[in-house]
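Student: sequence first, predicted coordinates after that:
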Amino acid sequence: MKKLLMTLFLSVPCLAYAAGGGYHLDHAPIDVTDKNSLQRGAKLFVNYCMGCHSAQFERYNRLARDLGLPEKLVQENLILTAGTKIGDTMKIAMPTNQAKEWFGAAPPDLSVIARARGTDYLYTYLRTFYLDDSRPWGVNNAAFPSVGMPHVLWQLQGWQKPIYETDPHDANRQVITGFELVQPGSMTVPEFDRAAADLVNFLSYVAEPIQLERKRVGIWVLLYLVLCFAVFYPLKKEYWKDVH
């Protein structure tokens, strides 16, 4: 039994490594209390992601309230689909059946993608697209090999090519260790990293909009329990002092 548990324990990092496409995941600087970051992330999501991806579990009026934006500003700048109202969810106009025909599979809804894949994965994924002529869209991704999605943020990041090195554990295998920018985008590398972090930050918020309130209430619950313990423990000792 001990050998079995040890084997399972040691296999967990290997499984995680394989799930990420074999590429090291960078830490995402996420802070859902930073409303400025969330606002920038919302702008990026609407302008670059919502052409194909919805966030159908988030409503525009909830977004306006949580991000500290006037509803009129949201209507004028973040609602791009005709006929959509401030109380509607963040759906897209693309029909699912046509999306399957065009792309081979309908682009997934991104409401809970941050919880399903993790923020580190999303942050790494957005930043590791690279040129690959063998792929239908001309790009591949280090975090998601053989990705079927185009690099929608290329105008911001530019185009990059991978830097390969020999795998220290397998001399016949080449692994990606970094990237070289071959055509600059409108942003510098640090600026694009910040933009990717803002977008992932927004997706993290969308995956659980109630998380800030949950954490705030949780702190008060813990304080209440500590107070109860301070009162009830002496009371318990008083009731049981004659019981041996």
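Tutor: Done, it's in.
Student: surely residue 93 meets residue 83?
Tutor: No: counting by CB atoms under 8 Å, residue 93 does not reach residue 83; the two are 9.1 Å apart. Glycine gets a C-beta too; all of them are placed from N, C-alpha and C.
Student: okay, those two: which has more neighbours?
Tutor: residue 93 (12 against 7; other CB atoms under 10 Å).
Student: quick one: contacts for the residue lying closest to that one once chain neighbours are set aside?
Tutor: Nearest residue to residue 93, sequence neighbours excluded (CB to CB, 6 or more residues apart in numbering): residue 81, at 5.4 Å. Under the criterion of CB atoms under 8 Å, 6 or more residues apart in numbering, the contact list for residue 81 reads 91, 92, 93.
Student: please redo it, this time with the cut-off set to 10 Å
Tutor: The contact partners of residue 81, by CB atoms under 10 Å, 6 or more residues apart in numbering, come to 46, 50, 88, 90, 91, 92, 93.
Student: residue ranges with poor pLDDT in this structure?
Tutor: For the chain, the stretches flagged by pLDDT under 70 are 1-21, 244.
Student: which parts of the protein are strands?
Tutor: Per DSSP state E, the chain carries strands over the ranges 55-59, 89-90, 129-131, 139-141, 158-167, 170-184.
Student: contacts for the fifth one next, please.
Tutor: Think strand 158-167. Outside strand 158-167, the residues that touch it by CB under 10 Å, 6+ apart are 22-23, 127-132, 138-140, 142, 151, 154, 172-189, 192.
Student: that strand: which residues count as buried?
Tutor: Of all the residues in strand 158-167, those buried under the rule 16 or more other CB atoms under 10 Å are 158, 159, 160, 162.
Student: what is the orientation angle of it with strand 170-184?
Tutor: Computed by axes from the mean of the first three to the mean of the last three CA atoms, to 10 degrees, the angle separating strand 158-167 from strand 170-184 equals 160 degrees.
Student: quick one: strands adjacent to strand 158-167?
Tutor: The pairing partners recorded for strand 158-167 under DSSP bridges are strand 170-184 (antiparallel).
Student: which residues of this structure fall in helices?
Tutor: All helices of the chain, identified by DSSP state H, fall at 2-19, 35-44, 60-67, 71-77, 96-103, 113-117, 119-127, 154-157, 189-207, 211-239.
Student: how much space separates the residue nearest to residue 110 when sequence neighbours are not counted from residue 46?
Tutor: Distances taken as CB to CB, 6+ apart put residue 53 closest to residue 110, at 4.7 Å, once the chain neighbours are dropped. Using CB to CB, to the nearest Å, residue 53 is found at 11 Å from residue 46.
Student: so what sits against both of those two?
Tutor: In contact with both residue 53 and residue 46: residue 90, using CB under 10 Å, 6+ apart.
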